[in-house]
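Colleague: 3D model of this:
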Amino acid sequence: MQQYRFNKSSSSSSTQQGGSRDGQSRSGGFSRGGSSSFSRGGSAGGRRPSFSRGGNGGGRSGGKRNFGGERIDPSRFIHKAVTVEETVVFVPQHQFTDFAVVDEVKKAVVAKGYRTPTPIQDRAIPHILQGQDVVGIANTGTGKTGAFLIPLLDKVRRNPKEQILIVVPTRELALQIDEELRGFTRGLKIFSVCCVGGANIGPQISALRYFNSFVIGTPGRLKDLIERGKIRPAEYKTIVLDEADRMLDMGFIADMRFLMQQMSKPRHTLFFSATLSPQIEGLINEFLTQPVRIKVTTGETAKNVEQDVVHTTPDKKLDTLHDLLAQKEFSKVIIFGRTKHGVEKLSKMLNQRGFKAESIHGNKSQSQRQRALGTFKDNRAQVLVATDVAARGLDIADVSHVINYDLPTTYDDYVHRIGRTGRGSKRGKALTFIERHETGY
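Modeller: Below is the predicted model of the structure:
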């Protein structure tokens, strides 16, 4: 198999910027098979970055532990997407018009542009319509939001007094679900409110004075509003826990238990997750009653995402990224960093180098994060630099590449990061930067 390796004999001049490893020189030669260097001729004035196609590039099999994270074998970041026509094609048992939902909901689904159910929608919707507790395990980008919104809209149309609580780990996912819901409910007089931290609580309290069929929020803000008496969980008979594994990872378990304990029984509980672990199994047993289990994952990582590693060194890391982004095919890129400070710094440095970049991290206000997302979604920015706050749930069309500029803490985090590209039937690419000292060669 052909190897692209870093040319160790090449010389470079290093330019330090405040002692940061982000500020690096733009020189350094790269060669194919260690023979001759060649220039891409791009504006960076640098050389083509090195890709290791298959294997570890001569490094040790174990990756570095990342700030207390798990040891990840770098070979797990390499996967060649299959380009031949697949022999197994999903054939849904239903069309959206087949589901036993009221006509207004059917019309809303058609108007939204939904045609054929995804596997999770095809299998979950009938059970949710029957009032059964459901555990849905599905890869990111497989239509989980529609799988629970469509039958719950039917429930609300049949019983206008029904109130539904949707709990998610991040503000961005809450706002995205609320936007998706509003796309279904135009003209139906079904109202919702989004209750998330990092935003002014006053307007949320004002909106809660009115009847809302759906309350969508993050665990901490929902708990705050419950303690203030603005939300009365006993009035809610249905709850959705979406991206439950992420809520567990983020330390929301106490808030989740608080919410569930406040609700009356019997209740209708829907539990969605992209991964299944012993801890998640414990939550399922604790929160749900005789649930129907639906698993439609196709593997550890998205099958439509071609994955590879980029070998570099700390002093050339930024220039390697520059040379990648200068290539035409890197048209819409999400770059993941480890820390809020590092993400913000990298975003500013990319803008200084002529790339239109936005950033999302926990130190930004909700309005700032929404503006950054909107700019990126509307193709007014080529790059979105983010912490793992953007690794789950966000559905952004046509992301060409995901770049792990910093290694993820766990492999699950990696799976969710790269799930931002290759969504639905589209293909995407994910690249993970491996620094020389991280592989030990």
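
Colleague: And stretch 109-124, how far out from the chain middle?
Modeller: Distance, stretch centre to chain centre, for stretch 109-124: 21 Å (CA atoms, centre = their mean, to the nearest Å).

Colleague: Name the surrounding residues that touch it.
Modeller: Applying CB atoms under 8 Å, 6 or more residues apart in numbering, the contact partners of stretch 109-124 are 90, 92-97, 101, 125, 134, 136, 138, 142-144, 146-148, 150, 183-184, 186, 294, 296. Using the backbone N, CA and C atoms, a C-beta is placed for each residue, glycine as well.

Colleague: Just the buried ones from these?
Modeller: 96, 101, 125, 134, 136, 138, 142-144, 146-148, 150, 184, 294, 296 (16 or more other CB atoms under 10 Å).

Colleague: Which of the contacts of stretch 109-124 fall in strands?
Modeller: Using DSSP state E, 134, 136, 294 are the members of those that sit in strands.

Colleague: From those residues, pick the one nearest residue 342.
Modeller: residue 136 (34.2 Å; CB to CB).

Colleague: quick one, what contacts that closest one?
Modeller: 120, 124, 144, 147-148, 270-273, 294, 296.

Colleague: What score does residue 424 have for pLDDT?
Modeller: Turning to residue 424, the model gives it a pLDDT of 66.

Colleague: And for the one 4 residues further on?
Modeller: At residue 428, the pLDDT value in this model is 90.

Colleague: same deal with residue 249?
Modeller: pLDDT at residue 249 comes out at 80.

Colleague: Which residue comes closest to it once chain neighbours are left out?
Modeller: Spatial nearest neighbour of residue 249, excluding adjacent residues (CB to CB, 6 or more residues apart in numbering): residue 412 at 7.5 Å.

Colleague: ok, that neighbour touching residue 245?
Modeller: Yes - the pair residue 412 / residue 245 is scored as a contact, 7.1 Å apart, by CB atoms under 8 Å.

Colleague: How about residue 188: what's its closest non-neighbour residue?
Modeller: Residue 188 sits nearest to residue 104 (CB to CB, 6+ apart), 5.9 Å away.

Colleague: and the contacts of residue 136 as TSV, adding pLDDT and distance to residue 255?
Modeller: Below are the contacts of residue 136 laid out as TSV (pLDDT from 0 to 100; distance: CB to CB, whole Å):
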residue	pLDDT	distance to residue 255
120	92	26
124	96	25
144	90	21
147	95	24
148	97	20
270	98	18
271	96	16
272	93	17
273	87	17
294	94	26
296	82	28
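
Colleague: coming back round to it: from the buried ones among the contacts of stretch 109-124, which single one is nearest residue 362?
Modeller: residue 144 (24.2 Å).

Colleague: Look up how far residue 247 lies from the closest one.
Modeller: 14 Å (CB to CB, to the nearest Å).

Colleague: circling back to that earlier point, need the ones in strands among the contacts of stretch 109-124 in JSON lines with distance to residue 210, can you?
Modeller: Formatted as JSON lines, the ones in strands among the contacts of stretch 109-124 follow (distance: CB to CB, whole Å):
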{"residue": "134", "distance to residue 210": "29"}
{"residue": "136", "distance to residue 210": "31"}
{"residue": "294", "distance to residue 210": "34"}
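
Colleague: if we can go back for a sec, what's around the residue nearest to residue 188, how many residues?
Modeller: When counting by other CB atoms under 10 Å, one arrives at 16 neighbours for residue 104.

Colleague: what helix or strand is it on?
Modeller: Assigned by DSSP states H and E, residue 104 belongs to helix 103-111.

Colleague: Equivalent analysis for residue 403, please.
Modeller: Assigned by DSSP H and E, residue 403 falls in strand 401-404.

Colleague: Show me the contact partners of that strand.
Modeller: Here strand 401-404 has contacts from 77, 305, 321, 324, 329-330, 332-336, 414, 417-418, 420-421, 428-433, using CB under 8 Å, 6+ apart.

Colleague: ok, now stretch 260-268?
Modeller: Contacts of stretch 260-268 (CB under 8 Å, 6+ apart): 131, 133, 165, 226, 233-234, 236-239, 286-287, 289.

Colleague: returning to what we had before: so which of residue 412 and residue 245 has more stuff around it?
Modeller: Neighbour count, other CB under 10 Å: between residue 412 and residue 245, residue 245 has more, with 22 against 19.

Colleague: Could you verify that that one is part of a helix?
Modeller: Yes - when DSSP: H, G, I helix; E, B strand; the rest coil is applied, residue 245 is found to be in a helix.

Colleague: residue contacts, the residue nearest to residue 164 when sequence neighbours are not counted?
Modeller: Leaving out its chain neighbours, the residue that sits closest to residue 164 by CB to CB, 6+ apart is residue 238, at 4.5 Å. Going by CB under 8 Å, 6+ apart, residue 238 touches 152, 155, 162-165, 267-270.

Colleague: Buried ones among these?
Modeller: Of the contacts of residue 238, these count as buried by 16+ other CB under 10 Å: 152, 155, 162-165, 267-270.

Colleague: Can you tell me which of the residues you listed lies closest to residue 343?
Modeller: residue 165 (31.4 Å).

Colleague: my guess is that closest one contacts residue 240, does it?
Modeller: Yes - using CB under 8 Å, residue 165 is in contact with residue 240, at 7.2 Å.

Colleague: Mind checking which of the contacts of residue 238 are in helices?
Modeller: 152, 155 (DSSP state H).

Colleague: just the contacts of residue 238 now: which is nearest residue 202?
Modeller: residue 165 (20.9 Å).

Colleague: Among the contacts of stretch 260-268, name the buried ones.
Modeller: Buried among the contacts of stretch 260-268 by 16+ other CB under 10 Å: 133, 165, 226, 233, 236-239, 287.
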